[in-house]
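Participant: based on what follows, work out the 3D shape:
(one chain, ligands or ions: 1)
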Amino acid sequence: MVRLSRTHGGSGLGLRVIGTRRKNRARLNNVATRIYLSLGSNLGDRAAKIASGIAALGAAGIRVLRQSSLYETEPVDFFTQNWFLNNVVEAETQLLPQRLLQELQRIELTLGSLKQIRRGPRRLDMDILFYGNSVIRTPELDVPHPRLADRRFVLVPLAELVPGLAHPVLHRTVAELLAGTKDTSRVRLAEE
Ligand code: AMP
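Facilitator: Residues are numbered from 1 along each chain as shown. Presented below is the predicted three-dimensional model:
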């Protein structure tokens, strides 16, 4: 059972509650939903991996509208890792959330993500930050992303795109979350 809920306002349009019987055939929403994705890489040619990930989104049914700058970011969970390159993409899609996650995981695998260590080194990581105003809590998928308010590497590029976007659970804007986060890890604009 996938549970979806909506709050008022914003761009979470046209979501339906999906029951288990409909799960396998319900792959598409009837209208496009605005989404925000976080991309990160800390192995190999990091900028090329992120660019390839963004390039692959269109063929998966995810229309990229804007992307933030690239940021050099200090690893938060494993301090011995290389620094990451991160950015955030604003897009719209008719894919339903579970299907969207599957498509992102397929792209990660195609581009050679190393997933052996949770939160460890990876060539490409793609997370769903927001799916319209939807609040989704399932074993496979948590949206809004549960750790976004604790991660400057997400909040800084997200605030570049949508500082005024309101978090549907925390009821704070992205700029307010960035100003209030306890995370002190370093995030700086990547040199061209
Ligand atoms: P990670 O290896 O840290 O990228 O974690 C990937 C796992 O997080 C996957 O198994 C997903 O099912 C799960 N997950 C839960 N919520 C999200 C989300 N909002 N975006 C991406 N992955 C998610």
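Participant: which of the residues in the longest strand anywhere in the chain are buried?
Facilitator: Counting by DSSP state E, the longest strand found in the chain is strand 28-41. Residues of strand 28-41 classed as buried by neighbour count (16 or more other C-beta atoms under 10 Å): 29, 32, 33, 34, 35, 36, 37, 38, 39, 40, 41. The C-beta positions use only the backbone N, C-alpha and C, and glycine is treated the same way.
Participant: just stretch 75-91 next, same as before
Facilitator: Counting neighbours by 16+ other C-beta under 10 Å, stretch 75-91 gives 75, 76, 81, 83, 84, 85, 86, 87, 88, 89, 90, 91 as buried.
Participant: mind naming the longest helix for this structure?
Facilitator: Assignment by DSSP state H gives helix 97-110 as the longest helix of the chain.
Participant: that one to strand 28-41, inter-axis angle?
Facilitator: Interaxial angle of helix 97-110 relative to strand 28-41 (axes from the mean of the first three to the mean of the last three C-alpha atoms, to 10 degrees): 40 degrees.
Participant: which SSE is immediately downstream of helix 97-110?
Facilitator: Using DSSP states H and E, the helix or strand that follows helix 97-110 in sequence is strand 125-131.
Participant: quick one, grab the pLDDT at the spatially closest residue to residue 127 that is not a sequence neighbour.
Facilitator: Among residues not flanking residue 127 along the chain, residue 38 sits closest, at 4.5 Å (C-beta to C-beta, 6 or more residues apart in numbering). Per-residue confidence (pLDDT) for residue 38: 98.
Participant: could I get the contacting residues of residue 38?
Facilitator: 86-88, 125-127, 129, 145, 148, 153-154, 157-158 (C-beta atoms under 8 Å, 6 or more residues apart in numbering).
Participant: rewinding a little: could you list the residues in contact with the helix or strand that the longest strand of the chain is followed by?
Facilitator: For strand 28-41, the succeeding helix or strand toward the C-terminus, using DSSP H and E, is helix 46-57. For helix 46-57, the external contacting residues (C-beta under 8 Å, 6+ apart) are 37, 39-41, 43, 63-64, 67, 70, 84-85, 87, 89, 91, 107-108, 110-112, 123-124, 126, 190.
Participant: quick one: residue 58 from the ligand, how far?
Facilitator: 19 Å (C-beta to the nearest ligand atom, to the nearest Å).
Participant: pull the number of nearby residues for the nearest residue to that residue once chain neighbours are set aside.
Facilitator: Leaving aside its chain neighbours, residue 58 sits nearest to residue 64 (6.7 Å; criterion: C-beta to C-beta, 6+ apart). By other C-beta atoms under 10 Å, the residues close to residue 64 number 15.
Participant: helix, strand or coil: sort out residue 64 for me.
Facilitator: Following DSSP: H, G, I helix; E, B strand; the rest coil, residue 64 is assigned to strand.
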